[in-house]
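# Just a sequence and a predicted model for now, questions to come.
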Amino acid sequence: MFNTKGLNEILEEPQKIAKLDYKIISAILNEARKMFNNENLLLEFTDNSENQIFIIGDIHGNLTSLLKFIELFKSNKPNRVIFLGDIVDRGPYQLECLIIVLILKILEPNTYYLLKGNHETLEMNKYYGFYQDFTTRFKNEANFDEILALYHLLPYAALINNQILCVHGGIPEDIDILSKLKGIKTKNLPKIWDSLSNELMQITWNDPKENIQGFSESFRGPGIRFFGKDVFEKFINYNNLGSLIRSHEMFPEGYKWFFDNRLLSIFSSENYRMGYSKNPASYAIINKNNDVIAKLVK
């Protein structure tokens with residue numbers, strides 16, 4: 001199965017994914033897990049390349065948006081592509097989008113990366129549709145354990161040139177979280193889970209909010225926080241960072257800058273929620289000067 005030709009054929013004709021035998025899906029999941037198994041919870045990159053780094057936000061089963069991004073990758077040849085999570089749930093092509101991202105990772109493991117979002121969990125998949133879509137399609141609930149095994153190996157953050165932090169949601173209340181994650185393999189997460197589970201949950205769930213001070217309770221649920229400019233700046237300065245890129249929220253204009261343009265929030269599923277939201281898809285580019293540039297997909 002894992003000859004380049006076979007995987008590229010799937011990328012060229014993604015509609016075939018819906019017709020793949022589960023044995024092929026399982027093989028792709030297993031191969032992708034091997035890639036994530038060797039990564040750290042905090043990815044760290046030092047890039048001096050002339051080529052740019054692309055940061056992609058929530059996809060949520062939007063195959064149209066994902067295929068547009070793949071065309072951008074082909075034409076721009078970025079040095080790295082980092083997906084910020086939430087590949088599945090809500091949209092009509094959830095399995096297709098997940099398999100495509102995993103195939104990209106398998107074919108070019110040092111180019112493509114996937115972080116954990118708040119929807120890379122069993123609870124969210126059961127509530128928002130991917131679990132039902134997957135188990136109905138393959139007639140076996142036990143097969144979903146392979147999806148969960150993949151989720152458990154995903155990194156939580158990426159640090160680029162010691163300056164730009166990428167996460168799905170936002171900063172946690174623990175200002176020292178990056179040093180606690182540094183150098184720890186994803187496969188060793190169970191060893192630290194009890195001590196850091198709340199902080200890791202906040203990385204995938206927290207949201208920035210203008211005109212508040214500190215951390216405050218969020219409508220999203222217990223333990224989840226909004227965070228203001230003051231604690232954001234404290235976090236950025238403590239960790240010697242320049243800026244942060246995150247996703248997790250849809251904005252009608254496609255993206256939004258916070259906190260004097262030091263935090264960029266992107267969302268990469270256009271016309272979100274099956275056409276009810278007429279938002280453009282957005283993404284971020286990091287250039288060789290470590291500038292963060294927000295872009296819309298045409």
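That came in fine, so what should we check first?
# rest of the way, CA atoms for contacts and neighbours
Will do.
# now the helices for the stretch 1-150 of the chain?
Per DSSP state H, counting those that start in this stretch, the stretch 1-150 of the chain carries helices over the ranges 4-12, 22-37, 63-76, 94-107, 122-128, 130-138, 144-151.
# Please identify which of those helices is closest to residue 294.
Residue 294 lies closest to helix 63-76 among those, at 14.2 Å (Cα to Cα).
# tell me the angle the closest one makes with helix 94-107.
20 degrees (axes from the mean of the first three to the mean of the last three Cα atoms, to 10 degrees).
# Name the surrounding residues that touch helix 63-76.
Residues from elsewhere that reach helix 63-76, judged by Cα atoms under 8 Å, 6 or more residues apart in numbering: 59, 93, 94, 96, 97, 268, 269, 270, 281, 297.
# so who does the nearest residue to the third one once chain neighbours are set aside touch?
Spelled out, it's residue 94. Nearest residue to residue 94, sequence neighbours excluded (Cα to Cα, 6 or more residues apart in numbering): residue 61, at 3.9 Å. Applying Cα under 8 Å, 6+ apart, one finds that residue 61 lies in contact with 87, 88, 89, 90, 91, 92, 93, 94, 95, 96, 97, 98.
# Next: residue 118.
Neighbour list for residue 118: 85, 86, 124, 168, 169, 201, 204, 205 [criterion: Cα under 8 Å, 6+ apart].
# Rebuild those residues as a markdown table, extending it with neighbour count and pLDDT.
Formatted as a markdown table, those follow (neighbours: other Cα atoms under 10 Å; pLDDT from 0 to 100):
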| residue | neighbour count | pLDDT |
| --- | --- | --- |
| 85 | 29 | 97 |
| 86 | 26 | 98 |
| 124 | 15 | 97 |
| 168 | 31 | 98 |
| 169 | 27 | 98 |
| 201 | 18 | 98 |
| 204 | 29 | 98 |
| 205 | 27 | 98 |
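# Look up phi and psi at the residue nearest to residue 94.
phi 70, psi 20 (degrees, to the nearest 10).
# And it, how close does it get to residue 204?
Applying Cα to Cα, to the nearest Å, the value for residue 61 to residue 204 is 18 Å.
# Equivalent analysis for residue 229, please.
Relative to residue 204, and taking Cα to Cα, residue 229 is found at 18 Å.
# cool, residue 103 as well?
24 Å.
# do the same with residue 297
24 Å.
# Backbone torsions only: list them for the residue of the chain most remote from its centre.
Going by Cα atoms, centre = their mean, the residue of the chain most distant from its centre is residue 139, 27.8 Å out. For residue 139, the backbone dihedrals (degrees, to the nearest 10) come out as phi 60, psi 20.
# hmm, back to that, weakest of the helices of the stretch 1-150 of the chain by average pLDDT?
Looking at the helices of the stretch 1-150 of the chain, the lowest mean pLDDT belongs to helix 4-12 (a mean of 86).
# which other helices and strands contact it?
Packing partners of helix 4-12 (3 or more Cα pairs under 8 Å, 6 or more residues apart in numbering; DSSP states H and E): helix 94-107.
# And for the helix it packs on, what's in contact with it?
Against helix 94-107 from outside (Cα under 8 Å, 6+ apart): 4, 7, 10-11, 14-15, 17-18, 25, 28-29, 31-32, 35, 59-63, 66, 87-88, 111-113, 130, 134.
# Drop anything exposed from the residues you listed.
7, 10-11, 14, 17, 28-29, 31-32, 35, 59-63, 66, 87-88, 111-113, 130, 134 (16 or more other Cα atoms under 10 Å).
# shaky segments in this structure?
Scanning the chain for pLDDT under 70 picks out the ranges 1-4, 274-276.
# Recalculate using a threshold of 50.
Residues of the chain that meet the criterion pLDDT under 50 lie in 1.
# And for stretch 156-165, what's in contact with it?
For stretch 156-165, the surrounding residues in contact (Cα under 8 Å, 6+ apart) are 41-47, 115-117, 166-168, 200, 203-204, 240-245, 290.
# Let's see that with 7 Å instead.
With Cα atoms under 7 Å, 6 or more residues apart in numbering as the test, stretch 156-165 has contacts from 41-47, 115-116, 166-167, 240-245.
# mind listing which of those residues are in strands?
Using DSSP state E to define strands, the subset of those located there is 42, 43, 44, 45, 166, 243, 244, 245.
# returning to that earlier point: which one of the contacts of residue 61 sits in the busiest neighbourhood?
For the contacts of residue 61, counting by other Cα atoms under 10 Å, the largest number of neighbours falls to residue 87: 32 neighbours.
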